[in-house]
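Student: Everything below, folded, please.
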Amino acid sequence: MTPGPTNSLSDIAGLRVGNAQDANLKSGTTVVVGDAPFTASVAVMGGAPGTRETDLLAPDKSVAAVDALVLSGGSAFGLDACSGVMDSLRADGRGYAIGPAQIPLVPGAILFDLLNGGNKGWTENPYRALGRAAYANAAASFDIGSVGAGSGALTAMLKGGLGTASLVLPDGSTVAALVAANAVGAVTTPGDRHFYAAPFEMGAEFGGVGPDPRGGLGLSLDSRKTRAMGARANTTIAIVATDAELTKAQCHRVATAAHDGIARACVPAHTPHDGDLVFALTTAARPAADVMLTGHAASLCLARAIARAVYAATPADGDVMPCWSSANADI
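Tutor: Here you go, the predicted model:
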């Protein structure tokens, strides 16, 4: 398996990613939209999730496909980004048809970034407009790091961000991940240099510094974020995708397997204070593949995407946490 041409979710043909963010707010929204509706499911393993329309994605529910998926900052306020995406999809004539009515289906998930130093004193919820802007920006090429849903994200010790990665499987199908990394846990080992996901790095996609040679890692739960905020404010939310045909139940299994990537990249993971959630979708452009291998590849992509999110984060005025790049300026 090797990364796709762009090492991103856009290696799945027919998918576009849009980001919108507000530097003053220190928050933003990311949307994934397809050229056509896609089959999707979800697996939630964190103890504090925030979601919209995810019940539709259970394998026993009747809705066969959705129009878009949203990741957003803003905690519960950020769920309104889905409404902005719905507005735009409806204007484009898309949605689930019930008689003359068109109802765009847009499940979403949020992370908590309300204490990250941004100006949260709005009088009107800004996330609906951010959802519309993210949809308008949706394209095959997109930025990572301090953008979209990752623009205000923080991990335990460093700024988080938006990350992505892909793999092409031996059968020619592609698997990819997109993540907003805002975990309770640390993404780097003590000292901020080595990524927990380093054993899974492809080339030098997140610095190429390799695994930490020390043993006994993971025992420290030190957190600059907790010290800076005085509260636990977290969640890793992700989308994994493939072009291999999957049923809705198989998408659920792939989403569940992909959670291994969070555990490989964030220490600790799936805590009572995280809302860790993974959507899985298929464009079904290729024949069915080995579901076990697809899920395994999704977990590898997600671990790498989390590390890439932190690696690509950039500093901004008013930050309460350092970036990996500033902590490792000697590299």
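Student: any idea how far the closest residue to residue 211 other than its chain neighbours is from residue 163?
Tutor: Spatial nearest neighbour of residue 211, chain neighbours left out: residue 198 (4.2 Å); criterion: CB to CB, 6 or more residues apart in numbering. In this view, the C-beta of every residue, glycine as well, is placed from N, C-alpha and C. To residue 163, residue 198 is 14 Å away according to CB to CB, to the nearest Å.
Student: higher neighbour count, those two?
Tutor: residue 163 (32 against 22; other CB atoms under 10 Å).
Student: Residue 310 is in contact with the more buried one, correct?
Tutor: Yes: look at residue 163 against residue 310 with CB atoms under 8 Å: they come within range, at 7.4 Å.
Student: Can you pull the residues that touch both of those two?
Tutor: Counting by CB atoms under 8 Å, 6 or more residues apart in numbering, the shared contacts of residue 163 and residue 310 are residue 181.
Student: How far does stretch 33-50 sit from its chain's centre?
Tutor: 10 Å (CA atoms, centre = their mean, to the nearest Å).
Student: Same check on stretch 233-253?
Tutor: 11 Å.
Student: Looking at residue 48 now. What's its pLDDT?
Tutor: In this prediction, residue 48 carries a pLDDT score of 87.
Student: whoops, residue 15 was the one
Tutor: 97.
Student: who touches it in this structure?
Tutor: 9, 32-35, 241, 283.
Student: do the same with residue 325
Tutor: Contacts of residue 325 by CB under 8 Å, 6+ apart are 311, 313-315.
Student: Please apply the same query to residue 59.
Tutor: Counted by CB under 8 Å, 6+ apart, residue 59 has contacts 41, 247-249, 252.
Student: What separation is there between it and residue 290?
Tutor: 19 Å.
Student: for residue 260, same thing?
Tutor: 16 Å.
Student: what about the two, which has more around it?
Tutor: residue 260 (18 against 14).
Student: Check which helix or strand the more buried one maps to.
Tutor: helix 248-265 (DSSP states H and E).
Student: packing partners for the helix or strand just after that helix?
Tutor: Following helix 248-265 in sequence order, the next helix or strand is strand 277-286 (DSSP H and E). If you count contacts as 3 or more CB pairs under 8 Å, 6 or more residues apart in numbering; DSSP states H and E, strand 277-286 packs onto strand 27-44, strand 235-244, helix 248-265.
Student: which SS class is residue 67?
Tutor: Per DSSP: H, G, I helix; E, B strand; the rest coil, the secondary structure class of residue 67 is strand.
Student: Excluding chain neighbours, what is closest to it?
Tutor: residue 104 (4.7 Å).
Student: in this protein, which helix has the most residues?
Tutor: helix 291-312 (DSSP state H).
Student: For that helix, the averaged confidence score.
Tutor: pLDDT averaged over helix 291-312 gives 97.
Student: Now the element after that helix, going C-ward?
Tutor: As the chain continues past helix 291-312, the following element, by DSSP H and E, is helix 324-327.
Student: Go through that following helix and flag the buried ones.
Tutor: By 16 or more other CB atoms under 10 Å, the buried positions in helix 324-327 come out as 324-325, 327.
Student: likewise stretch 265-274?
Tutor: Buried residues in stretch 265-274 (16+ other CB under 10 Å): 265-267, 269-271, 273-274.
Student: per-residue confidence at residue 231?
Tutor: Looking at residue 231, the pLDDT reads 65.
Student: brain fart, residue 330
Tutor: 67.
Student: what does residue 234 give?
Tutor: 85.
Student: How about residue 228?
Tutor: Reported pLDDT for residue 228: 80.
Student: Let me know how buried residue 310 is, in neighbour terms.
Tutor: So residue 310, with other CB under 10 Å, has 33 neighbours.
Student: Skipping its backbone neighbours, what lies nearest it in space?
Tutor: residue 187 (4.8 Å).
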